[in-house]
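Peer 1: Just the structure for this:
(chains A and B, ligands or ions: 1)
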Amino acid sequence: MKNPNLSTARAFYELFSSMRFAISLLSILGIASIIGTVLKQNEPYNNYVAQFGKFWFDMFEMLGLYDVYHTAWFLALLAFLVASTGLCIYRNTPIMLHELKTFREHATEKSLRAFNHQNEYAFDGSADDALKRLTAFLAARDFRYRPVAQADGATLLAAKAGSYQRLGYIFTHVAIVVICIGGLMDGNVPLKIEELLGYKAVETRDILATEVPPQSRLSPANLSFRGNMTLAEGTTGNVAFVRIRDGYLVQELPFTVTLKQFRIEHYATGQPKSFESDVEIRDPELKEPLKATISVNHPLTYKGIAIYQSDFQDGGSRLEFNIWPLRGAAHEPGKMQSNVFKDFTLGEGDDALKIELDDFRMFNILNLSADGKGKSHNVGPSVTFKVRDTQGQAREYLNYMQPLTLDGRAYFVSGMRAAQNEDFKYLRIPADGENSLGDYMRLRGVLLDPAMAPVLAKRMSGRMLEGQNANPEMIAKFESSMTHLLEAFARDGYTEVANLLEKSVPEAERDKAAEAYFKIINSAAFEGLAMSREQAGLPALEPDARAQRFVADALNSMSDLSFYGTPFYLELNGFEQRQASGFQLTRSPGKNLVYGGSVLLVLGIFAMIYLRERRIWLLIKPESQRVLFAMSSNRKNRDFENEYARYDAQLQALFKG
Amino acid sequence: MESILTNDVSQSSFFKRLTWGDWLFALALLAGAMFAYSRYADFMDVYEKGFLFSAVAVFSWLGWFFKPMRLLIVGIALLSLFGINQYQSELARANQAFFLKYLFSSQSAIMWMNVLFVLATVAYWLALLARSEFAGKVATALTWSAVLMGFVGLMVRWYESYLIAPDVGHIPISNLYEVFVLFCLITALIYLYYEGFYKTRQLGAFVMLVVSAAVIFILWYTFGREANGIQPLVPALQSYWMKIHVPANFIGYGSFSLAAMVGVAWLCAERGIFASRLPKPEVLDDFMYKSVAVGFAFFTIATILGAMWAAEAWGGYWSWDSKEVWALIVWLNYAAWLHLRLVKGLRGAILAWWAIIGLLVTSFAFIGVNMFLSGLHSYGGL
Ligand code: HEM
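Peer 2: Below you'll find the predicted structure:
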């Protein structure tokens, strides 16, 4: 009686080693891996929440869709594939090897006649002669043969060629297994298991590497990992961070890495050409530090750990600012200096503002031509920072250090946005004759300070009404309306002036009045500029076209100040750049397996495609003086048909001769 | 008669059958390589030196194995050198010098390639519909000349890139425009080989449809997107790996497209469309298998090379990047195809359909990924 368990085991074996099973696995694997390409992997989790909503987020997280390729179920699929292929090999290899060796010399005349590629020829002369010719015939076609004497005195030549095709099968499939095993070794399977058993736990808090608890640390002995390390110039690191799902693990390294210098080179067009890091590796086992330069496509490997250039950022550059007031009469800049990633506070009490310096960029490749057709070029350094009020509301700013030339004139440009997802709105401040902010700020001090309005009005009246002997009340009237107008502008630029128009001028005359107001404000501004320069002890400007433009631009940007949002302008006027370089560190012992397997795979595939196993039998029958020719191949295809036809013809010719 | 015993003409060893022309050709290639080495060795790293001389072996073998290649390669060399010479190391001459403006500047040469491929397609259809031997011959000639102009275009473009600036110079297989040209050329070449092998011109009508589709893309990319300019390489692409990874990939893509179009032909024949004009089903079937097999072999190599490159550039031989994943899917798809044919001995309709769907999958891996998915391969983007 047969054992049921045995037969079920047998059934499993049959299933696993079957092609159907393999093909199904291949298809499932293919489909599963598509997920990871449509759903962005390893994003910060709150992005996913925002995208799918709580319910689906949890659903997907349960399925591990945010890191599909490292989920238990995906790895299990791979394991199945390995098992299935392995069994398939176990099952087929003996057959293949046997096929590789055997000449099938036990074929009988009867079995040969059953072939659908066979023919028979008569020969005259001795059987030995025929045998000689036929062996020569086979040898000339690279067939190996074995003569077998038959009971009835006949001789069978059993021949074959291209047997190594069989190795192709073994090679390809062993290769698959080897590659998968290598992959699983590097696919942090060991870590997965430790995690399942609770030995390791992902750290999600944003804390110092040194404070990360042991169950979130990996020892230098860890066989395989893939982590990141960011070093500012001049700093040293001895750990890498392994990102996992919404957290990380700390991988301790058997050495320290010091970043000496990071370099970016640019093409003439401005695109980056190379990222290079000069590093020093220190290790008790080294007499002196190992110096090396790491760049994209040129990693450094030390103690089986490969260090790659992966990205870069600012490393806390030291920045110097002029802080220009944008409110009130004051027009002298305060000085401030700080570092990227640090912050400082301006003002106190409820209107204290925290300035958070986020980034400094040495190069900005912009295309400033109006139609966008012109060439892009480097417009020099820029700084991005946030200004946060006591309620925690923040606006983000992007200030360029040097004036940008826009349609032929130079402006200090500062972008502002209230939220990350908005575009920057730009404030353009015209640069003065010295390419500085001085004139603008002085003028601002005069025009945007309501207290100054009467003073300016007086100077204006003095200038405009002199000569034409105007009576006092007329002058007073002129000055008061002038003061009104300037106060309006001081409050909120042209918008406020527009309101004034609404109120005080009847519909019909507004356009003319507006024009007049505009002229007056301009000349008042000009007056103010002259006045502020006097006070600053600077020579007067002659009112040429350039000065006119400057004043007009200045007035425009002043009316924009209300949207700008902060009561000061940060002018970057000095820096000491400090960059940080991002490295990826990997140790992948599986790599050699994978590469070895790959070579095997290629060899195998070529063997399968380009070697064709063919067998020939020639049965030489002395008494009937006939030769029976039969041919077969494990791949019945066109090439085989042609070859058979050719040999058939040649043999006929051979024996007719 | 006795010769039958000593050798089998069509089987005797490869080298015995080489003519002096073959050896001359190989020598010419070697001489070219030597010259290049003597002039430019200082600008090549050890791998590129290796490639230079391996190229001699590879192209010699190609020329021996597929004789018309010898003439093609010589033609490419001569015309490219002529074009390069016309530049007198001044990029501006591209639209001044007569020969450059109208023939051999990369833009013009590639434009000629486009035109010739479209004409070839038309001619192949004429040949098929009118059963015209002559039209067929013309079609083949047009295809060859298109391939010639295309390669000349790429060669000259390679040179032009160095004229822009020495540090910008690079092999022109680095962006979508360039690889589409490469795709047309390789697909056409593989087809031309089988055209000779099976002594049939009828399939050109089908295969050239894919090539023409690619040509249309190139035209759109040139005039619609003005994306045909030479761009400097992002750091990740500055690697000798590109020189082998990309071509291997496109031999794969090319053969897969070929297989798919033969599949289309097979299905047409089965439904009695052109049945009397097309080769016998078993020929089509064999054609389909051979091109899938070749494609599979080279695609495997390409993927492996890609993994090795990734290991060097990104720090891991496999990052499950979209492009990698889709390469895997393509590979698994054809592995399944081969199993069905080799193991289950399947033939005919199913395999034909499978090959066609395979082409859709492949096209997505080729273009779709760059268009719709994000990933490390983003530089190939549209
Ligand atoms: C990861 C899964 C597998 C992959 C990627 C794979 C791949 C391949 C490849 C590339 C070929 C060669 C096709 C050619 O000639 O180019 C092949 C052939 C073959 N495979 Fe698989 N295979 C896999 C699993 C299996 C399994 C599980 C079996 C078990 C039945 C199997 C049985 C065969 C057989 C019998 C051949 C044909 C050998 C011959 O006739 O020479 N394969 N496979």
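
Peer 1: Can the longest strand seen in chain A be said to contact chain B?
Peer 2: Criterion DSSP state E: the longest strand present in chain A is strand A:247-266. No - judged by CB under 8 Å from any CB of the partner chain, strand A:247-266 stays clear of chain B, getting no closer than 8.7 Å. In short, each C-beta sits where N, CA and C put it, glycine included.

Peer 1: Strand A:247-266 and the helix or strand that that strand is followed by, what's the angle between them?
Peer 2: Along the chain past strand A:247-266, the next helix or strand (assigned with DSSP states H and E) turns out to be strand A:272-282. Orientation check (axes from the mean of the first three to the mean of the last three CA atoms, to 10 degrees): strand A:272-282 against strand A:247-266 gives 120 degrees.

Peer 1: just how off-centre is strand A:272-282 within its chain?
Peer 2: Relative to the chain's own centre, strand A:272-282 is displaced by 19 Å; criterion: CA atoms, centre = their mean, to the nearest Å.

Peer 1: Any chance you could list what contacts the helix or strand that that strand is followed by?
Peer 2: Downstream of strand A:272-282, the first helix or strand assigned by DSSP H and E is strand A:290-295. Here strand A:290-295 makes contact (CB atoms under 8 Å, 6 or more residues apart in numbering or on different chains) with A:274-283, A:300, A:302, A:307-309, A:583, B:235.

Peer 1: can you rerun that using 6 Å?
Peer 2: Residues outside strand A:290-295 that contact it (CB atoms under 6 Å, 6 or more residues apart in numbering or on different chains): A:Ser274, A:Glu276, A:Ser277, A:Asp278, A:Val279, A:Glu280, A:Ile281, A:Leu300, A:Ile307, A:Gln309.

Peer 1: What number of residues are in the vicinity of the nearest residue to the first one once chain neighbours are set aside?
Peer 2: Sequence neighbours aside, A:Glu265 is the residue nearest to A:Ser274 in space, at 4.6 Å (criterion: CB to CB, 6 or more residues apart in numbering or on different chains). Applying the criterion other CB atoms under 10 Å in any protein chain shown, we find 12 residues in the vicinity of A:Glu265.

Peer 1: now do A:Gly315
Peer 2: If we define neighbours as other CB under 10 Å, then A:Gly315 has 22 of them.

Peer 1: what does A:Met474 give?
Peer 2: By other CB under 10 Å, neighbour count at A:Met474 equals 12.

Peer 1: Would you point out which residue is most central in chain B?
Peer 2: B:Ile186 (1.5 Å; CA atoms, centre = their mean).

Peer 1: does it really touch B:Gly254, like I thought?
Peer 2: Yes - counting by CB atoms under 6 Å, B:Ile186 does reach B:Gly254; the two are 4.1 Å apart.

Peer 1: distance of the residue of the stretch 51-200 of chain B found nearest chain A from B:Trp353?
Peer 2: Of all residues in the stretch 51-200 of chain B, B:Ala165 sits closest to chain A, at 5.8 Å by CB to the nearest CB. Separation of B:Ala165 from B:Trp353 (CB to CB, to the nearest Å): 50 Å.

Peer 1: ok, which stretches of the stretch 201-350 of chain B are helices?
Peer 2: Ranges of helices within the stretch 201-350 of chain B are B:204-219, B:241-270, B:281-313, B:322-342, B:349-363, based on DSSP state H, counting those that start in this stretch.

Peer 1: want to try a markdown table for those helices, with mean pLDDT as columns?
Peer 2: Formatted as a markdown table, those follow (pLDDT from 0 to 100):
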| stretch | mean pLDDT |
| --- | --- |
| helix B:204-219 | 96 |
| helix B:241-270 | 95 |
| helix B:281-313 | 93 |
| helix B:322-342 | 90 |
| helix B:349-363 | 94 |
